[in-house]
Each structure stands twice: as C-alpha cells, then as structure tokens.
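*Asks:* Have a look; sequence and predicted model below, questions after that.
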There are 4 protein chains.
Amino acid sequence: MATKQAFAVIAGVGPGTGAAIAKKFASLYSVVLLARSPASYENTAKEINEAGGTAIGFSVDVQDEASVKKAFDEAAQKFPDQSLAIAIYNVGGVFIRKPFLEQTVGDFKTGYEASVLGAFNFAQASLPYLLKTAKASHQHPPSLFFTGATGALKGSPYLQSFSPGKFAQRSLTMSLAKEFGPEGVHVSHLVVDGIIKTPKTAAWMKDAPEGSKIEPDAIAETYLALHKQPKTTWTWELDIRPFVEKW
Amino acid sequence: MATKQAFAVIAGVGPGTGAAIAKKFASLYSVVLLARSPASYENTAKEINEAGGTAIGFSVDVQDEASVKKAFDEAAQKFPDQSLAIAIYNVGGVFIRKPFLEQTVGDFKTGYEASVLGAFNFAQASLPYLLKTAKASHQHPPSLFFTGATGALKGSPYLQSFSPGKFAQRSLTMSLAKEFGPEGVHVSHLVVDGIIKTPKTAAWMKDAPEGSKIEPDAIAETYLALHKQPKTTWTWELDIRPFVEKW
Amino acid sequence: MATKQAFAVIAGVGPGTGAAIAKKFASLYSVVLLARSPASYENTAKEINEAGGTAIGFSVDVQDEASVKKAFDEAAQKFPDQSLAIAIYNVGGVFIRKPFLEQTVGDFKTGYEASVLGAFNFAQASLPYLLKTAKASHQHPPSLFFTGATGALKGSPYLQSFSPGKFAQRSLTMSLAKEFGPEGVHVSHLVVDGIIKTPKTAAWMKDAPEGSKIEPDAIAETYLALHKQPKTTWTWELDIRPFVEKW
Amino acid sequence: MATKQAFAVIAGVGPGTGAAIAKKFASLYSVVLLARSPASYENTAKEINEAGGTAIGFSVDVQDEASVKKAFDEAAQKFPDQSLAIAIYNVGGVFIRKPFLEQTVGDFKTGYEASVLGAFNFAQASLPYLLKTAKASHQHPPSLFFTGATGALKGSPYLQSFSPGKFAQRSLTMSLAKEFGPEGVHVSHLVVDGIIKTPKTAAWMKDAPEGSKIEPDAIAETYLALHKQPKTTWTWELDIRPFVEKW
C-alpha cells in the first residue's frame, strides 16, 4: 500500500469492534491505536502492518487528560505530513450490573469516567487537529465518532453505575455535533445494541439463530459509510442491532 | 450492464431524493418507479435505461390499496425471475403550514394520508414479496425503507396537518421493524432534516455557505449503505442533515 | 352546590377514566359529556346531577367535524354565562392487535381516526372558546388535555393500526401546545400506561399485587392538578402507570 | 401545628425552588434542609419554624457520600418516631456555558458531580429509609424526586460541562424508578425548563410578558401533587415551563 495522506485515531481497540474498525480504516489511513495496555493493541497493529498498512499503538489512560493529549501530539509528530481524518472513541467502559444498594461510589465513578470523562478528554485532544483538517481540502470531512450503547437511551434496574455515563456521553456528542458541525467536523453517536461477536462471547447464546450476534466487521463498515458522508448529508445518530434483537 | 437478479421498487420519484435513489440502486437492481403521474418518473426511467440499466414506471395512487398492490404484482410479472430486493417509500406528502384554526379537515387528511396511509399500503403490498426474498439466499437482506422528516420527531406551530402523519409513519416503521426484523426483513426510517438540493430549491438560500443543502446523491448513498448491512448489524433509524443545520 | 361560572367538556366518557374525570371536574364546573351513544354518558350525568352538580350529555361522532362543533356550540348556548374552562379528549380509540398482514385498511383507518382525526376535530371546535376564556380573567388557565397511551411513545409488533394514531395525537398536542401556549391555553398530553381499573377489567390480573391497575379517580386527580397549574408553570406531558408496571 | 408523623428531606434549598418546596411540604411533614452552607437554609428554616412548622438544616456536601449519609442518619435520630416520607434532590449544579475548547476537566467534573454524583449519593442514603417507609402503612407512598432541566433532554453548543450531568441524572432516575417502583417507592424526574422567579433573576427579562418566569410556589405545588399520587397511578416524568417558553 502507498503512504497514507491522513491518519485515524481509535481509542478502545480490544478484540471486537475496535480492532475491526482499525483494520477497516487502515485501508484508507495510517491508524493509531490507543488502549490502556499494549496487550490490547499489539496484535491488531501487527496484523495491519503485516497486511501492508501502517499502525502504531500508544498506551493511554483516557481518564487522564494529559495522557490523551500526549497520544495525539505524538501521533501528529509520527505522521508529520498527515492530517487527522477521524478520531473514534470506542471505549466501552465497565459494565456493572447489580442491585443499586450494593453499588458503591467507586462503581459509579468507574462507570461514568470510562464512558464520559474519557470521551470528554478524547474530544478535547482531537478537536484541535480535526478543526485544522476541516480547514484544508480533504476527500472526506474530518470525523469524531463515539460508540454508544442501549444504555444511552434507557435506564434499567441494576444499571445505575453504567447507564448514566452512556446517557452523558450521548449528550456530549449532541452538543459537540451542534457546536462543531458548522466548523466542518462530523460528530456521530453510534448506538450498538446487542451482543458483539468476539472470542469472549463465542460461548454465549449457542442456541440462538445464526446472525444473532453483531458482526464487528459490519459495525466497522457502518462507521466507514458515515465517515464517507459529505458535509451536506451527515448523520448524527444511528442504532445498530442484530435482526432478532428485541428493543 | 448484465441482467439483474432482483428488483427494487421506489415510490415517490420526483426530481430530488427519489430520482437519486433510483439511479443509485439501478447499479444493483432493476428498478420500478412509482408516482402519481408518468411525468414524475419518465425522465428518470429514461436516464437509467439509456445508461444501460433497467427501469420501468407505474402510475400509482399510494392512498389506494388496490393501486399499490397492482403495481407490485405487475412488477413481479415484469421481472419473473427476479426477487424484490428493496422497497423504498419516499412519498413526502403535502407540506401544509398555516395557523391551526385555518387548517381544514381536508388539509389534515391530505397530510396524514400521504405520509402514513400510503406507507401502510406500501408495506402491505411489499412485505409478502420481501418475506419471500428473505427465505431465499441473497447478497443483501431484503429491505423496506421509509423517508421521514424532522416533523417525525417534534411538533411545531402551524404544522398540525403535516407533523402528525410523520410521527405516525415513524411509529409504523418501528412496529414493522420489530415484527419483520426476526423474519429477515430490514426495516429502516431515515429522517431527512433540511432543504434538499433540487431544481425547485435552486433559488433558495443563495447566501448560505456551500453545502447547506442536502445532496440527493449523498442521501442515496446512505440508503445504499444501510441496504448493504448484513442482518447481524442493522440500523433502524438515522438522521441526515447538512453541516450547518440547527436542530 | 352553587351555579358554576364555567363549564368543562369531556369527550369519551365510558365507565373508566372519562367518568372519573367528569365527576372530579363537576366539583368545579358544569360538565358536558360527549360520547357516541347516550348509554355511555347517561349514568355519569345522572350521578353528577344527583350529587348536586350539573351535567349534560351530547351524542357526538368525533370523526365528524360538524358533529363536534355542534356539541360545543350547543354547550355554550346551554351555559350562556359560563366560559369554557377545560376540554378533555379522552377517546381511546379501538385497540387493534393482530399480525400486520392480517390488518386491513379499514383497521388502520379506524385506529387513526379515533385517535387523531377526532382529536383534530375536538381541538378545532374547542380552541375558539378556550381562546376567548384566555382573554378573560379566570381562576385557572383554560386547558385542552388529551389522553395518550404507551403506544404514543413506542411501536410494537401487531400494533400498526393502533400505535401510529397515538404517535400522531402526541405530535398534534405538541404543536398545539407550542402554538396556543403563548395565547394562554394550556395544552397537555397525559400518557396512561397500564390496565385501568374498570368493570370491564375487573376479572383481569386476579393474581397481581394490589394496586397493579390504574385507579381512574387518581388519574382524574392528576388531570385536576395539571389544570390548576398557573401559566407560569405548565406541564405539557407526563406519564402515569402503576407501581409494578414494566416499561 | 400538630407534631408531624413523617419527615421530608430536601437537598438544594436556595431562595428559589428549594425554599418553596420546603415550605410547601412543611404543611405535611417535618422538613430537613440540606445545603452546602447554613446561609442557604437558615432563613427558610426560620420562616417555617416561625409559621408553626418544624424545620432543621444540615450542612452537607452532596458529593461526599459520608456527608449525605450522616445527614439522613441524624435526621432519623432527630425525628425518631417519624418515617421518611419524601426525599427531594434539587441541587442544580453549576451552570457552565462556554466554548468547548475553553472548558477544563475541572469544569466538566464540577458539572457532572453536582448533577449526578450528588444524586447518586442522595439516592443511596435515602432509599434504605424510603423502603422502610414503604413497608409500613402511610397516607402517601414514599417518594424520591429529582429536579431536572432542559439540558437533560437535549445537548447544545457550549453546554458540554452541564448537559451530560443532567442526562446522566435522568438516566439514574429512570433506573431507580424501575428498580424501586415495585418496592413501593415513587421515583420522579421533574424537568424544569425556563427562568425561575427568584431574587437573583428579578432584573432579568424586564420586558417579557407577565408570567414568563416560573413561579417557585407553583413548582412546589406540582411536586406535592405528584407526591400525593397513589401507587396505582404514578408519574415518573413531567416537564414544567412558562406559557411563553419556546421548546
């Protein structure tokens, strides 16, 4: 593959959605993988590089403002002739499900910090670069995408340490879309509703009909389709779920 | 182009979104254009046929159950070896905007019937064919898409003869998605929010920044992206608006 | 009881919510009961009159514009010194639940006409009187309330002839609230979600915990509380459901 | 006034809504006022006590779990023969409005923590008492109410440090309502949309029509009406806004 003219940054690149998104965008861009530990991104980076793409990873704590900013700055130095085409926040957060009165303040903070404080830091660090890209001429408008969950749309018993962070992240994306859309940055919120097909979930739902788990590569295809939307025709929000999902 | 293996039906094919959708899907499928009068579909059909695609048109009154059913039956006879791949209801309805107490029952019925009675008839006529397609093996899951509007999500002064029909159509699509998703039919509701770039709107918003009108071809691209989603990874609803739109 | 200074009109006064609302407002106002047949309102009217209140009934077809208008005009003549304090549209419509492909156009029209064409006619007929009341000085702002249902907020399989009308009615109330609020008319949409305790439902849910059915008198109390809100502090929408209801 | 049989706890008792709610509920219950500093509750407590009611105040930092818990425990000791009838979280949080890229992590945390971490702590501390009340026999079901804002329903430019917390708080109340409703605790979310009439806002909107600011006493009346709903007929959410408010 030829040298890329732009780079993508993806935070949260475990073996499911994040890795699939990274591989998908590697056909267009250099990709920068952010995760808490190298173990989460090493395999994906290797796979992309071996397939002729360009991938590097950084260990980042998304809840630490400086850590996120540093990653973007280092990525920009690593690819000095490339602009930031897309930044994707795919950090799922910790899924805590237990009776409310057994939840601790620590549970609550953990849930909200991964979902929304990290998203805040990610937006703060990426937007200066995305705005710069917006001023130049590019094939696709610079994009800032966030992976959401069903918990972003409705609360449920036992989910008080999970769902508020997802609601909050959704609010953040709406405000960002309204503020930075007119500046040429495409902000989207993709609500993924269902079990994603990963090594971890392989043993789940054995008796469900084929196609009952969400396919990471198909999620990535949808992210790519949104990224390719011209600025006349942007989607802020969509939902993604398998054909058998009740909602 | 080679003979197609499936056909698409698009209702509401004026010179904006409908025509763009028809041309987009003509690269994959034979297309059947439905409109009240031939004047609405003739040019688009001719353009597609001249470009090597296959298009036919039928004059249909979507508010007349029998008229819609007849069109689907005739299309199926016209393409006896092809299955129905996608049916798109893009009938905008009449946009009535005036003080509520000046609106007549006729205004109300007109608005309501175009948006939702027509959609009901269209779903009734297309679903038997789409269910048949779902049972066979096809590249993309059979799809039933509806074009919605901002009026589907919020009511506004003066729009009591327009917005209720759009709300109702949205409800219809949600119930259909939940009922026919598990049967393998992908039902989506695409909320288009903004002025669409057509000959009719050419003179509007002269002073707005470039890209302030929604590009029909880009809408069509988004319809195509949804249609290509595998059944593991379906979107029911998304919004589409230009980068400067306030919402 | 003393002569009332204002009157209330309630459409849909079967033995559940409608009757309870009528009796509740009879302590403040003369009440006018509208129903398709006298059998629906006679008992309630009698009960109110025997308790010292003032109630009259009219047979009205809410889907017939002229019929609704005539009822309001006759009510105004009947109480020439009284202004219209509140108009409540409590017509539930026909609950149709069956597979979509077994639903007929007739089913669909029946569902939407009761829910939303009737509501449109009711708003058209009542608003001229309510606007007149708004210009005078009254204890409580004139009110126009609509009873909604869960089907107004989400679609479900088999409910395509029921839910669209409820969505549409909700849209209608939102547009009316925004248009006539500034004119001093309080428009509200009350979403009732659950089984209402009536003679008809007496045999249902025998094993459910006490309090699992919604109490009509308590619904009426909530309508009254909203009606008493001053115009500084209006509620457009609220939900009502029993403590055990899942949603 | 006679000794009360139950007590109410209200957090956030500045001179607007909180004080009005406290005074309203003082007619039914002993009231416990929580605020960061005594200056916020002293006047209201004095006013209630001089009018024959019973009020005490505690200085509480709602973001500190132990501080909130201690206040409930001390209140229970102060009124040993009384059960907790209602707990109202009326802490508005800091309204931060500035360009996103000028917002700091500190701004974001401040907004988030006041709106939702405080609400979490408040729910954790009050629910054990409310569940105990639910098991006994009381005139009105024990209630846990939260004051929300427009920012709970939509995001807007410049509000990324305010609106996410409000979304999150709304989610929290929905999950609590679903989890504790069946246990007999009435959880509600009251969305207040508009300028509230307080000493601080006296000089604002001088030219607006009378009634353009929300009346604290009328808000309090609505809280009281919800609290009086029997458990057959509960409202989870309603909006409150002045008649001229655009939304």
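*Replies:* Received, thanks. Numbering: from 1, shown residues only, chains lettered A, B, ... in the order given.
*Asks:* Now the helix or strand bottoming out on mean pLDDT in chain A: buried residues?
*Replies:* When each helix and strand of chain A is scored by mean pLDDT, DSSP states H and E, helix A:105-112 comes last, with a mean of 92. By neighbour count on 16 or more other CB atoms under 10 Å in any protein chain shown, the buried set for helix A:105-112 is A:V105, A:D107, A:F108, A:K109, A:T110, A:G111, A:Y112. C-betas here are computed from N, CA, C, even on glycine.
*Asks:* was I right about the second one contacting A:S161?
*Replies:* Yes: the pair formed by A:D107 and A:S161 meets the contact definition of CB atoms under 8 Å, at 4.2 Å.
*Asks:* what sits against the residue nearest to A:Q5 when sequence neighbours are not counted?
*Replies:* Spatial nearest neighbour of A:Q5, excluding adjacent residues (CB to CB, 6 or more residues apart in numbering or on different chains): A:Q82 at 6.0 Å. Residues in contact with A:Q82 (CB atoms under 8 Å, 6 or more residues apart in numbering or on different chains) are A:K4, A:Q5, A:A6, A:F7, A:Y29, A:S30.
*Asks:* any idea which of those is closest to D:T54?
*Replies:* A:F7 (65.3 Å; CB to CB).
*Asks:* following the helix or strand containing that closest one, which helix or strand shows up next?
*Replies:* Secondary structure assigned from DSSP states H and E places A:F7 in strand A:6-11. Later in the chain than strand A:6-11, the nearest helix or strand by DSSP H and E is helix A:17-25.
*Asks:* Quick one: distance of that next one to the chain centre.
*Replies:* Offset of helix A:17-25 from its chain centre (CA atoms, centre = their mean, to the nearest Å): 10 Å.
*Asks:* now swap in stretch A:88-108 and tell me
*Replies:* For stretch A:88-108, the distance to the chain centre is 18 Å (CA atoms, centre = their mean).
*Asks:* Identify each buried residue in that stretch, please.
*Replies:* Result for stretch A:88-108 [16+ other CB under 10 Å]: buried residues A:I88, A:Y89, A:N90, A:V91, A:G92, A:G93, A:I96, A:F100, A:Q103, A:V105, A:D107, A:F108.
*Asks:* now the residues you listed as JSON lines including distance to B:V191 and secondary structure?
*Replies:* Shown next, in JSON lines, are the buried residues of stretch A:88-108 (distance: CB to CB, whole Å; DSSP: H, G, I helix; E, B strand; the rest coil):
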{"residue": "A:I88", "distance to B:V191": "23", "secondary structure": "strand"}
{"residue": "A:Y89", "distance to B:V191": "24", "secondary structure": "strand"}
{"residue": "A:N90", "distance to B:V191": "25", "secondary structure": "coil"}
{"residue": "A:V91", "distance to B:V191": "28", "secondary structure": "coil"}
{"residue": "A:G92", "distance to B:V191": "27", "secondary structure": "coil"}
{"residue": "A:G93", "distance to B:V191": "28", "secondary structure": "coil"}
{"residue": "A:I96", "distance to B:V191": "33", "secondary structure": "coil"}
{"residue": "A:F100", "distance to B:V191": "35", "secondary structure": "helix"}
{"residue": "A:Q103", "distance to B:V191": "36", "secondary structure": "coil"}
{"residue": "A:V105", "distance to B:V191": "39", "secondary structure": "helix"}
{"residue": "A:D107", "distance to B:V191": "36", "secondary structure": "helix"}
{"residue": "A:F108", "distance to B:V191": "34", "secondary structure": "helix"}
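*Asks:* Export the residues you listed to a markdown table and append columns for distance to A:T235.
*Replies:* As requested, the buried residues of stretch A:88-108 are exported to a markdown table (distance: CB to CB, whole Å):
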| residue | distance to A:T235 |
| --- | --- |
| A:I88 | 15 |
| A:Y89 | 17 |
| A:N90 | 17 |
| A:V91 | 21 |
| A:G92 | 21 |
| A:G93 | 23 |
| A:I96 | 30 |
| A:F100 | 35 |
| A:Q103 | 34 |
| A:V105 | 37 |
| A:D107 | 33 |
| A:F108 | 31 |
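*Asks:* overlap between these and the residues near chain B?
*Replies:* The subset of the buried residues of stretch A:88-108 within reach of chain B, by CB under 8 Å from any CB of the partner chain, is empty.
*Asks:* Can you name the two of the residues you listed that sit furthest apart?
*Replies:* A:I88 and A:F100 (31.9 Å).
*Asks:* ok, and of the buried residues of helix A:105-112, which contact chain D?
*Replies:* Within the buried residues of helix A:105-112, those near chain D by CB under 8 Å from any CB are A:V105, A:F108, A:K109, A:Y112.
*Asks:* residue contacts, A:F95?
*Replies:* A:F162.
*Asks:* Next, find the distance separating it from chain C.
*Replies:* 21 Å (CB to the nearest CB, to the nearest Å).
*Asks:* Over to that residue. Which of the three states is it?
*Replies:* coil (DSSP: H, G, I helix; E, B strand; the rest coil).
*Asks:* give me the element A:Q139 is part of.
*Replies:* A:Q139 belongs to no helix or strand, assigned by DSSP H and E.
*Asks:* Could you measure from it over to chain B?
*Replies:* 14 Å.
*Asks:* returning to what we had before: where do the contact lists of A:D107 and A:S161 overlap?
*Replies:* In contact with both A:D107 and A:S161: A:I96, using CB under 8 Å, 6+ apart.
*Asks:* sorry, back to before: and which of the buried residues of stretch A:88-108 is nearest chain B?
*Replies:* A:N90 (15.2 Å; CB to the nearest CB).
*Asks:* Find the nearest non-adjacent residue to that closest one, please.
*Replies:* A:G12 (3.8 Å).
*Asks:* how about the helices of chain A, start to end?
*Replies:* Remark: helices assigned in chain A by DSSP state H are A:17-25, A:38-50, A:65-78, A:105-112, A:118-135, A:163-180, A:216-228.
*Asks:* I'd guessed A:F162 sits against A:F108; true?
*Replies:* No: assessed by CB under 8 Å, A:F162 is found out of contact with A:F108, at 9.3 Å.
*Asks:* From the buried residues of stretch A:88-108, pick the one nearest C:D61.
*Replies:* Among the buried residues of stretch A:88-108, and counting by CB to CB, the member closest to C:D61 is A:F100, at 50.3 Å.
*Asks:* which residue sits closest to the closest one, ignoring its sequence neighbours?
*Replies:* Distances taken as CB to CB, 6+ apart place A:Q160 nearest to A:F100, at 5.1 Å, with adjacent residues excluded.
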